[in-house]
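Student: predicted coordinates and the sequence they were generated for:
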Amino acid sequence: MGLKLRDRYRVDLPGLQATCEANYVRLMRLLPKMREAVVSRRVMLSQGERPLGVLALEVTEACPYTTVLRVRQELGLPWLPVPELEVRVYHDARMAEVVSAGASRHLLGRYPYPNQAMHQPDEKNQLNLFLGEWLSHCLACGHEAEPILQR
């Protein structure tokens, strides 16, 4: 009996679409006027009196049907890498997807494994799930760090 090769990762398209739809709803709750103006918002996360960090949302590109956001952590813990995501919001489809993370400028839907950059086969899906958890936590536990800025 030989070793069975691990099955190749297949994108769960309905699952990814559901995640992107839920992220759209979360982002619209955090930045409801993102389609009308270039806006930014900072949401403070804390534990009692101790600040844990700030979620910074910034519109970097606004078009009639899409908006591009930079989502990043500010004032994080010194030992923790600072997450920074670029998210494209599709208003006509009511979806938001992570299109880049940190140094990875363009994420593929599936990666062969192993690969030179050591991306996980389902890296894009994992980043979209992470964004959803991050936004949900901010909606549940965050408070306004400063007023919403419009340019």
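Tutor: Alright, I've got the coordinates. The structure displayed is predicted, hence computed values, not measured ones.

Student: neighbours of Thr60, how many?
Tutor: Other residues near Thr60 number 12, with proximity taken as other CB atoms under 10 Å. Quick note: C-beta positions are derived from backbone N, CA and C, even for glycine.

Student: spit out the contact partners of it.
Tutor: Under the criterion of CB atoms under 8 Å, 6 or more residues apart in numbering, the contact list for Thr60 reads 68-70, 86.

Student: out of these, who has the most neighbours?
Tutor: With neighbours taken as other CB under 10 Å, the top of these is Leu69, carrying 24 neighbours.

Student: host element of it?
Tutor: Taking DSSP states H and E as the definition, one finds Leu69 inside strand 66-74.

Student: which residues touch Val43?
Tutor: By CB under 8 Å, 6+ apart, the contact set of Val43 is 30, 54-55, 57, 138, 142-145.

Student: next: Ser136.
Tutor: Arg26.

Student: let's see which of the contacts of Val43 end up in strands.
Tutor: Filtering the contacts of Val43 for membership in strands, criterion DSSP state E, returns 54-55, 57, 143-144.

Student: filter the residues you listed to the buried ones?
Tutor: Using 16 or more other CB atoms under 10 Å as the burial test, these include 54-55, 57 as buried.

Student: what values do phi and psi take at the nearest residue to Tyr24 once chain neighbours are set aside?
Tutor: Sequence neighbours aside, Ala96 is the residue nearest to Tyr24 in space, at 4.4 Å (criterion: CB to CB, 6 or more residues apart in numbering). Recorded main-chain torsions at Ala96 are phi -140, psi 130, according to degrees, to the nearest 10.

Student: and the helix or strand hosting Leu85, how far out from the chain middle?
Tutor: Assignment of secondary structure by DSSP H and E places Leu85 within strand 84-90. Put simply, strand 84-90 sits 6 Å off its chain's centre (CA atoms, centre = their mean, to the nearest Å).
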